[in-house]
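1. Prediction below, plus the sequence it came from.
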Amino acid sequence: MEDVKLPEEKPVIGIIGGSGVYDLEGLEDTRWETVTSPFGAPSDQILRGRLGEVEMVFLPRHGRGHRLAPSEINYRANIDALKRAGVTEIVSVSACGSFEERLAPGTFVIVDQFIDRTFAREKSFFGTGLVAHVSMADPVCSRLGDALEGAAAAKGIPVVRGGTYLAMEGPQFSSRAESELYRSWNCQVIGMTNMPEAKLAREAELCYATVAMVTDYDCWHPDHENVDVSAVIRVLTGNAENARSLVRHVAPVLGQRREACAAGCHHALDNALITAPEVRDPEVLARLDAVAGRVL
Ligand SMILES: CSC[C@H]1O[C@H](OP(=O)(O)O)[C@H](O)[C@@H]1O
Ligand SMILES: Nc1ncnc2[nH]cnc12
C-alpha cells in the first residue's frame, strides 16, 4: 500500500472533474497513474501533475468518456484513492441545475450546504467492526470556499457564495413537481453526485468544496426549456476556460497551507469513533488505513 501523507505536510490539491471535465489541461509534468483501493475500482486512473510548485491530482468522476452514471460511481473508492494518492483537499467541479432566476447558466455557485436525497449508494467507510459518526453540520470547508470565491472574483467569473445543493439519485432529471418541491425547500441548485462524495471526504478527513457550475434551470422555469444533456454540455463547454482559470488561480492560494486546516477538516475523526477498541474488527481496520489511519 502507498504511504499516506499527513495533512500537515505540503498540500496536494485534488480536483474531481464532473460532467464535461474529463482532463485538466494546463498541468505540468503529467502522468496517469493507477491507484488500487480496498473499496473497489475508482472511476478512472488519476492524473498527477503540478501547477507551478503546487502538486495536483485530477480524477474524472464519471471516468474518461463519461462511462459511469451517478449511481454507478464508486464514491468510496474515489475518495480513498485520492487520499492514498496524497490528496489533502478536494475541489469538486460539478454541473448543476438552478432553482433561482438570479443563478443563470454560467454562474459558479460555491455551495455551503447539501440535502442528500440519494438512496442507492454506499455512504460511509465505517460500519460493522468500526462505527463512526462525523459531523456534517458544515459540510463544506470554509477555507476552500473563501479561496474559490476570491479566485473566481479575481478572474471576473460570475460567482455566488453560499447555497444549498440538492443531491438526487438520477439518472433521470426531476419531474416538475420535484423541482417545485426543492424550490419550496429553498434549495439553490441540484445535481446527482456531490452526495455521498462530501460525506466521504469528511470521513476521510479531507477538505471538500464544490464549484457548482449552473448549466440550466432544471424544469421549473416557464421561460426556459426543460433541461437536457445537450444544453448542459453546451453551457459547460462555453465555461471550460472559466473552470480552468479558476483552478489555475486557486491552486497557489491553497498551496500555501502549512498547518492542518483551520476549519478542522483534517481532524474530523477526533471525536467520531464509537466502537470499543477491543471489539474493533482487524480486517475493517486494515482497509481503513488511508481513511482513518491517523486515529487508528
Ligand atoms: C450531464 S447532466 C447530469 C449530470 O451532470 C452532473 O454531473 P457532475 O456533478 O459530475 O458534473 C449531474 O450531477 C449529473 O451527474
Ligand atoms: N437540472 C439538473 N438536475 C440534476 N443534475 C443536473 N446536472 C446539471 N443540471 C442538472
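-> Ah, there it is. Ligands and ions are numbered 1, 2, ... in the order given.
2. For the stretch 151-296 of the chain, which residues are neighbours of ligand 2?
-> 173, 190, 191, 192, 215, 216, 218, 227, 232 (Cβ under 6 Å from any ligand atom). Placement of C-beta: from N, CA and C, glycine included.
3. Same list, these, but as CSV with pLDDT and neighbour count please.
-> Compiled in CSV, those are given as follows (pLDDT from 0 to 100; neighbours: other Cβ atoms under 10 Å):
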residue, pLDDT, neighbour count
173, 98, 19
190, 98, 27
191, 98, 25
192, 98, 25
215, 98, 28
216, 98, 24
218, 98, 24
227, 97, 21
232, 95, 20
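4. residue ranges of the helices in the stretch 1-150 of the chain, please?
-> Taking DSSP state H, counting those that start in this stretch as the test, the helices found in the stretch 1-150 of the chain are 75-84, 142-154.
5. Now, the residues of the stretch 151-296 of the chain next to ligand 2 that are in helices?
-> Taking DSSP state H as the definition of helices, these contribute residue 232.
6. which of the residues of the stretch 151-296 of the chain next to ligand 2 lies closest to residue 139?
-> Nearest to residue 139, judged by Cβ to Cβ, of these is residue 191 at 14.0 Å.
7. how about the helices of the stretch 1-150 of the chain in CSV, adding mean neighbour count, mean pLDDT and distance to residue 208?
-> Shown next, in CSV, are the helices of the stretch 1-150 of the chain (neighbours: other Cβ atoms under 10 Å; pLDDT from 0 to 100; distance: least, Cβ to Cβ, whole Å):
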stretch, mean neighbour count, mean pLDDT, distance to residue 208
helix 75-84, 27, 98, 9
helix 142-154, 20, 97, 7
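8. Including distance to residue 162, could those helices go into TSV?
-> Putting the helices of the stretch 1-150 of the chain into TSV (distance: least, Cβ to Cβ, whole Å) gives the following:
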stretch	distance to residue 162
helix 75-84	24
helix 142-154	8
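9. Can you pull the residues of the chain lying near ligand 1?
-> Counting by Cβ under 6 Å from any ligand atom, the chain sits next to ligand 1 at 18-19, 61-62, 70, 94-95, 170, 191-193, 229, 232.
10. Could you measure from residue 98 over to residue 218?
-> From residue 98 over to residue 218 the distance is 7 Å, taken as Cβ to Cβ, to the nearest Å.
11. can you check residue 64 too?
-> 27 Å.
12. One more: residue 247?
-> Going from residue 247 to residue 218 by Cβ to Cβ gives 26 Å.
13. Of the residues of the chain next to ligand 1, which is the nearest to ligand 1?
-> Each of the residues of the chain next to ligand 1 was scored against ligand 1 by Cβ to the nearest ligand atom, and residue 18 proved nearest at 2.2 Å.
14. For the closest one, which non-adjacent residue is closest in space?
-> Excluding the flanking residues, the one nearest residue 18 by Cβ to Cβ, 6 or more residues apart in numbering is residue 94, at 4.1 Å.
15. What about the one you found, how many residues nearby?
-> 24 (other Cβ atoms under 10 Å).
16. likewise residue 72?
-> Residues near residue 72, counting by other Cβ under 10 Å, number 13.
17. Equivalent analysis for residue 28, please.
-> Number of residues near residue 28 (other Cβ under 10 Å) recorded here: 9.
18. now swap in residue 294 and tell me
-> Neighbours of residue 294 under the rule other Cβ under 10 Å: 14.
19. That one - that's part of a strand, no?
-> No. Counting by DSSP: H, G, I helix; E, B strand; the rest coil, residue 294 is not part of a strand but helix.
20. do you know how far the nearest residue to residue 64 once chain neighbours are set aside is from residue 240?
-> Distances taken as Cβ to Cβ, 6+ apart put residue 22 closest to residue 64, at 5.0 Å, once the chain neighbours are dropped. Noted for residue 22: a distance of 11 Å to residue 240, by Cβ to Cβ.
21. more crowded one of the two?
-> Neighbour comparison, residue 22 and residue 240: the larger count goes to residue 22, with 17 against 13 (by other Cβ under 10 Å).
22. That one and residue 234, how far apart?
-> From residue 22 over to residue 234 (counting by Cβ to Cβ), the distance is 16 Å.
23. cool, and residue 279?
-> Separation of residue 279 from residue 234 (Cβ to Cβ) stands at 54 Å.
24. Of these two, which one has the most company?
-> Legend: neighbour count by other Cβ under 10 Å for residue 279 and residue 234, higher for residue 234 (15 against 8).
25. Sticking with the more buried one, tell me its helix or strand.
-> Remark: residue 234 resides in helix 229-254, with elements defined by DSSP states H and E.
26. Give the buried residues for that helix.
-> 231-232, 235-236, 239, 242-243, 245-251, 253-254 (16 or more other Cβ atoms under 10 Å).
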